[in-house]
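*Asks:* prediction below, plus the sequence it came from.
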Amino acid sequence: MDQQFLHCAVPLSPAVDARIPVLHKIDLIVVRLPFVKPFATSVHTWAVKEALLLRLESDGVVGWGECVADPDPFYASETTQTVRHIFKEFLLPQLKPGLTIGELLASWSPVRGHGMAKAMVENALLDLIARQQNRPLHALLGLSARRIQSGISLGIQESIPALLDAVADAMRRPYHRVKLKIMQGKDVAWVRAVREAFPDLCLMADANGDYRLEHAPILRELDAFNLTMVEQPLSYSDIVQHAVLQAGLATPLCLDESIHDLDDARSALALKACGVINIKQGRVGGMIESLRIAALCQHAGVDVWSGGMDETGIGRAFNLQLQTASGFTLPGDTSETARYFSEDIVDQAVVLADDGFIALPEGPGIGVTVLEDRVARYTLERESIP
């Protein structure tokens, strides 16, 4: 075990010193946006995006956060209902004006887990504070603007020809990399077909935990296809078995669902369980924790990228702001809005330039304006909290 990563000092973002303003209005809003087409993984297929939004208002300025939890527990143990409960009963009581963001996060430490709930609140506060200061979120976080690399995640397709058509369409956009969802029975032959058709493509495979160590010989066959990584082939919560598997593979493993916070990242690096880490800021507790994980990985020479959770334009804007950090070295799961929604709830859709890069949205905070008339149109439920 390489213990240096267990004790490595990780710098904090200057945003931890920002202070919480007086909040005059707090709203929890559930919206439901239909996907352009269903998105399938080895775990489940989703036809709509049902998202829990947090709206904070202070002196006429509004900040937004989006919870990445689903209404069902098929991806994660957190759901929109558990998030509502944790927020109202345990996180909200600590939300006191005058506290710094760092002090607030420390006050939440007795609440074990629930990173999605914490991220929703932290995100909304950071957006609000940045808007009050009339500067972009990345500047509040101590980061500099840059264009963002694009990547696309393709759900499990009905057939290999359908998969090849989807990859060809992605290359015409052009995305900087393509990630394929795989599962038992739809793996080696499917990846081989894509690699033969697109020999120079930056290609990844994502298993969403569908395999076990006994399937190592099958996963080892993927070494032949020069993949950038194989993502989360084993259990959702495992690190140790991934370390065993990684020792027998030439292809870097990427841990995603196994990484819930900085300590999980430390353990993964110390055990040499992966060569890449996928940081989903909405799952690991927010932007500040994500930056700490990215800094640790950068120190270790481990590649990092920003995963997506099929967010609306609110969550997608947070992911873009996060990727201005230098630790994010690989293209993330940031694809065009039109691929997911025919109509979004923000004013600036994510669109690829001719070279595949994405420009940061212009404006204070997360850079986009939330269109409240559209939010109202897609709202299933709205709760104002005194």
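*Replies:* That came through, no problem. Residues are numbered from 1 along each chain as shown.
*Asks:* when you work out contacts or count neighbours from here on, use the C-alpha atoms and nothing else.
*Replies:* Fine.
*Asks:* what comes up buried for stretch 49-63?
*Replies:* Judged by neighbour count (16 or more other Cα atoms under 10 Å), stretch 49-63 contains these buried residues: 49-58, 62-63.
*Asks:* list the contacts of it.
*Replies:* 21-35, 64-71, 80, 120-121, 124-129, 131-132, 310-312, 365 (Cα atoms under 8 Å, 6 or more residues apart in numbering).
*Asks:* next step: those residues restricted to helices.
*Replies:* Cross-referencing the contacts of stretch 49-63 against helices under DSSP state H gives 80, 120-121, 124-129, 131-132.
*Asks:* could you dump those to TSV with pLDDT?
*Replies:* Formatted as TSV, the ones in helices among the contacts of stretch 49-63 follow (pLDDT from 0 to 100):
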residue	pLDDT
80	96
120	98
121	98
124	98
125	98
126	98
127	98
128	98
129	98
131	98
132	98
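*Asks:* let me know the closest of those residues to residue 199.
*Replies:* Using Cα to Cα, residue 120 comes nearest to residue 199 of the ones in helices among the contacts of stretch 49-63, at 39.9 Å.
*Asks:* related to what we said a few turns ago, and the buried residues of stretch 49-63, which two are furthest apart?
*Replies:* 49 and 58 (28.2 Å).
*Asks:* for residue 94, give me its contacts.
*Replies:* Applying Cα under 8 Å, 6+ apart, we find residue 94 in contact with 104, 107-108.
*Asks:* tell me which element residue 268 falls in.
*Replies:* Assigned by DSSP states H and E, residue 268 belongs to helix 262-270.
*Asks:* so which elements touch that helix?
*Replies:* On a contact count with 3 or more Cα pairs under 8 Å, 6 or more residues apart in numbering; DSSP states H and E, helix 262-270 meets helix 4-7, helix 287-300.
*Asks:* buried set for the longest one?
*Replies:* This points to helix 287-300. Buried-residue list, helix 287-300, by 16+ other Cα under 10 Å: 287-298, 300.
*Asks:* immediately after it, which helix or strand?
*Replies:* Per DSSP H and E, helix 287-300 leads on to strand 303-306 as the next helix or strand towards the C-terminus.
*Asks:* ok so, going back, could you check the angle helix 287-300 makes with the helix holding residue 268?
*Replies:* Using axes from the mean of the first three to the mean of the last three Cα atoms, to 10 degrees, the inter-axis angle of helix 262-270 relative to helix 287-300 is 20 degrees.
*Asks:* buried set for helix 262-270?
*Replies:* 262, 264-270.
*Asks:* I would like the residues contacting it, please.
*Replies:* Residues from elsewhere that reach helix 262-270, judged by Cα under 8 Å, 6+ apart: 1-6, 239-240, 243, 258-259, 274, 289-290, 292-293, 296, 300.
*Asks:* check stretch 210-228 too.
*Replies:* 42-43, 183-184, 188, 191-192, 195, 202-205, 233-235, 241, 245, 248-252.
*Asks:* what's the per-residue pLDDT of residue 155 here?
*Replies:* On pLDDT, residue 155 comes in at 89.
*Asks:* typed the wrong thing, it's residue 42
*Replies:* So residue 42 comes in at 68 (pLDDT).
*Asks:* and the strands in this protein, which stretches?
*Replies:* Here the chain has its strands, by DSSP state E, at 25-40, 45-58, 61-67, 152-154, 178-181, 203-206, 229-231, 253-255, 276-279, 303-306, 379-385.
*Asks:* the first one pairs with which strands?
*Replies:* Each strand that strand 25-40 pairs with, and the sense of that pairing, follows from DSSP bridges: strand 45-58 (antiparallel), strand 379-385 (antiparallel).
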